[in-house]
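[1] Predicted model, plus sequence, below.
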Amino acid sequence: MVTLWRIFFYSWKNLVRNAWIGLATIFVFTMALLSVNVLLGVNVLLDRVLSVLESKVDVAVTFVPTAPEAILTQAKFYLTSLPQVASVSVVTPAEALAAFKQRHAQDPKILAALDEIKTNPLGAQLIVKAKNAEDYPFLLQAIQNPQYASFIQSRTYDDHQIAIQRVQEVGRNGRIAGAILVAIFAFFGMLTAFNAIRVAVYTQREEISIMRLVGASTSFIRAPFMLGGLWLAGFSILFSWLIVLAALVWIDPVLRPLFDGLDPGVGQFFVTQWPTIVLSEVLAMFGLASLVSWAAVGKYIKR
């Protein structure tokens, strides 16, 4: 217990003696951890954006007004049976007319023309959503079934493929840039931590020499410096997560209007996955700090 207390005491003593270098190390390590967390959050946000865009893609199949209801029912059953189809909804002629009037509520000429006709010129519609965005070209071909083709007036493909491709491209570039940023901060963090431990060892070189003369083991001399590196890593993890939590509280209400009031998913991801993320970061940072501290001490402890 006495030995452990001395190791604990000297680890804090070393940190206090080199407080400014320690703060610089904590700052760089914190930036590296924040880069990792930001990269994870951006990935979740991009996946959410892609999900929203894909949910807005559909095929609207409009039938002629004289199409029998049996044909509409058969077409719906046929499309629903396809494994690529996620859902098929029916828009009745009356619902199509109401939606048309609502879209053109500010155009009195169109509304007047509808009143002159006195009949509903619009036919029923089938709104088809695919399970995957790449399945829509197949569905457009499938609806050309000769049994229904003569009753189909038009097909409207609401394609967001360009926007989806751009988001995917931004996601790939963001992941690459984020990985490079993490590597840069990790590299400079290692250098800063190495120099911090080396300066601490150098300032205590006379004490280390005396300890060697009185029979102190190499592990006893090395342990306080390695424990000091772990303290630096622990403070970095703590500060980075405090910043992450504050950012989540601030960014959630900012992002919700962009998703029509729906949950953007970033906060939920960190709430559900924080044990795994924290454990991974603790193991990585403690391993990195231990390795750097061991290397820095080993260079001077043999002198």
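    Now that the structure is in, tell me what you want to look at.
[2] quick check, distance from stretch 87-101 to the centre of its chain.
    Centroid displacement of stretch 87-101 relative to its chain, using C-alpha atoms, centre = their mean, to the nearest Å, is 37 Å.
[3] Please enumerate residues in contact with that stretch?
    With C-beta atoms under 8 Å, 6 or more residues apart in numbering as the test, stretch 87-101 has contacts from 62, 65, 72, 76, 79-80, 111, 114, 120, 122-129. Heads up, the C-betas are built off the backbone N, CA and C, glycines and all.
[4] go on, stretch 135-144?
    For stretch 135-144, using C-beta under 8 Å, 6+ apart, the contacting residues are 57, 59, 61, 75, 79, 82, 84-85, 128, 130, 152, 155, 157, 159.
[5] As a check, name the ranges of all helices in the stretch 51-200 of the chain.
    Secondary structure of the stretch 51-200 of the chain (DSSP state H, counting those that start in this stretch): helices located at 69-81, 93-103, 108-117, 136-142, 146-149, 161-203.
[6] Where among these is average confidence lowest?
    Mean pLDDT values for the helices of the stretch 51-200 of the chain show the minimum at helix 161-203, a mean of 68.
[7] quick revisit: which of the contacts of stretch 87-101 count as buried?
    Among those, those buried by neighbour count (16 or more other C-beta atoms under 10 Å) are Thr62, Leu72, Lys76, Leu79, Leu114, Leu122, Gly123, Ala124, Gln125, Leu126, Val128, Lys129.
[8] Apart from its neighbours in sequence, what residue is nearest Ile251?
    Nearest-residue entry for Ile251: Val266, 6.9 Å, with adjacent residues in sequence omitted and distances by C-beta to C-beta, 6 or more residues apart in numbering.
[9] Could I get the contacts of stretch 135-144 in CSV, plus columns for distance to Ser290?
    Output for those, formatted as CSV (distance: C-beta to C-beta, whole Å):
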residue, distance to Ser290
Val57, 50
Val59, 58
Val61, 63
Ala75, 66
Leu79, 60
Leu82, 57
Gln84, 52
Val85, 55
Val128, 57
Ala130, 51
Ile152, 69
Arg155, 63
Tyr157, 57
Asp159, 53
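[10] Near Leu139, how many other residues are there?
    20 (other C-beta atoms under 10 Å).
[11] Please report how far Lys13 lies from Trp294.
    Remark: distance between Lys13 and Trp294 (C-beta to C-beta, to the nearest Å) = 19 Å.
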